[in-house]
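>>> got a sequence here, can you model it:
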Amino acid sequence: MSRVSIRRGAAAAVAALALAALPSAAHAAPVPGARADARHHHQQQQQQQAETIRQIVLQGAVNVRDLGGYRTWTGGEVRQGLVYRSDALGKLTDTDVTTVSGLGLTKVVDFRIPTEVQYDGADRLPPGLSPTARPVSDLGLYGTLVTAIGSGDPVTQEQMLGGGRAEAYMRDIYRTFVTSPENRAQFAATLRDLADGRQGPVLYHCTSGKDRTGWMSYVLLRALAVPEDAAERDYLASNTFRAAYDARVRAGLKQSGRMQNPDLLIPLQEVRQDYLDSATAQLEADYGGFYGYLTRGLGLDLWTLAKLQDKLVR
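Sure thing, here's the model as predicted:
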């Protein structure tokens, strides 16, 4: 990468971070008059339509997407074909593997902890590609689920997951994305991979592709100066992509008799604005804002942020 492009990227990174630090409403200049308001709303709708989330349709994974296509406040667009987010890839079919091979991936990052890999299986990937393990803590959630479901006891399951306990568990997990040095190190290493001009397309994932993967994607998009509301839409879209699969899981648990009330799982299966807000509030408390989280929390310098912009935004 030339020094000229790095200087341009550095300027873009500074502008992006400055914009990303502003409240969402501050990005839009006031537009007087009802007609201008309607025109502004229409422009926003057009942008959202242009930013249709690009799902990679597979049989063995339901939440696989290209993170490209989002517009940035600096007038650019996130490049397609360079960053993919996903749920676990252990159940891919032969056809799926062929589809994944066509993505040209050079690295797959797995945020699952060893217990998840043990129970759900290692990724099934094209020849020559093996996952890079970067476990991010789930605060024991996976083990809790195994215990609760395995008990087959409705009273135990209610005591473990009911009464708002599942939601509180999720909020605690999201806070550790910010507070845990080990978790921050895994996210930072992945961002450095994405900024490396010598690194080709990268896919990262966890089990459901919604929480650890969702936070990683939110942070990346915000670092690239994608508007906060667009980054939130990408995060919340997991509910759309996972809804049918998760409903089948609940129905299967009830039919098998392992859970009388499988709806106890819904707060754990879904992503919610409340969960994301728990992480961003922690970020504000610990680092004073998004820029502080990137630089002091994740240890990313301006050079790395500039390379991230230069590589991933066109």
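>>> Val109 falls within a helix, correct?
No: using DSSP: H, G, I helix; E, B strand; the rest coil, the secondary structure at Val109 is strand, not a helix.
>>> skip the chain neighbours and tell me the closest residue to it.
Excluding its sequence neighbours, the residue lying closest to Val109 (C-beta to C-beta, 6 or more residues apart in numbering) is Tyr204, at 4.0 Å. The way it works is simple: take the backbone N, C-alpha and C, and place the C-beta from them, glycine included.
>>> so that neighbour, which of the three states?
Assignment for Tyr204 (three-state DSSP): strand.
>>> and for it, the neighbour number?
Applying other C-beta atoms under 10 Å, we find 28 other residues in the vicinity of Tyr204.
>>> going forward, the N-terminal residue is numbered 8.
All set: I'll call the first residue 8, so the last point we hit is now Tyr211.
>>> touching, Gln206 and Asp200? I think so.
Yes: checked against C-beta atoms under 8 Å, the pair Gln206 and Asp200 is within contact range at 5.5 Å.
>>> so for Leu260, what's the pLDDT?
With respect to pLDDT, Leu260 has a value of 96.
>>> burial count for it?
Counted with other C-beta under 10 Å, residues neighbouring Leu260 total 18.
>>> tell me which residues of the host helix or strand of it are tucked away?
Assigned by DSSP states H and E, Leu260 belongs to helix 245-262. Under the neighbour-count criterion of 16 or more other C-beta atoms under 10 Å, helix 245-262 has 245, 248-249, 253, 257, 260 buried.
>>> helix or strand right after it?
The C-terminal neighbour of helix 245-262 among helices and strands, as given by DSSP H and E, is helix 273-276.
>>> check which helices and strands that next one sits against.
helix 172-186, helix 245-262 (3 or more C-beta pairs under 8 Å, 6 or more residues apart in numbering; DSSP states H and E).
>>> what are the contacting residues of it?
By C-beta atoms under 8 Å, 6 or more residues apart in numbering, the surrounding residues in contact with helix 273-276 are 148, 152, 168, 173-174, 176-177, 215, 249, 253, 256-257.
>>> so how far is that helix from its chain's centroid?
Chain-centre distance of helix 273-276: 16 Å, with C-alpha atoms, centre = their mean, to the nearest Å.
>>> what about the helices in the stretch 108-257 of the chain?
Counting by DSSP state H, counting those that start in this stretch, the stretch 108-257 of the chain has helices at residues 121-127, 148-158, 161-168, 172-186, 188-202, 219-230, 235-243, 245-262.
>>> the second one versus helix 172-186: what angle between them?
Same thing as helix 148-158. 160 degrees (axes from the mean of the first three to the mean of the last three C-alpha atoms, to 10 degrees).
>>> now find how far off-centre helix 148-158 is within its chain.
Chain-centre distance of helix 148-158: 24 Å, with C-alpha atoms, centre = their mean.
>>> try the shortest one
Shown here is helix 121-127, whose average C-alpha point lies 20 Å from the average C-alpha point of the whole chain (C-alpha atoms, centre = their mean).
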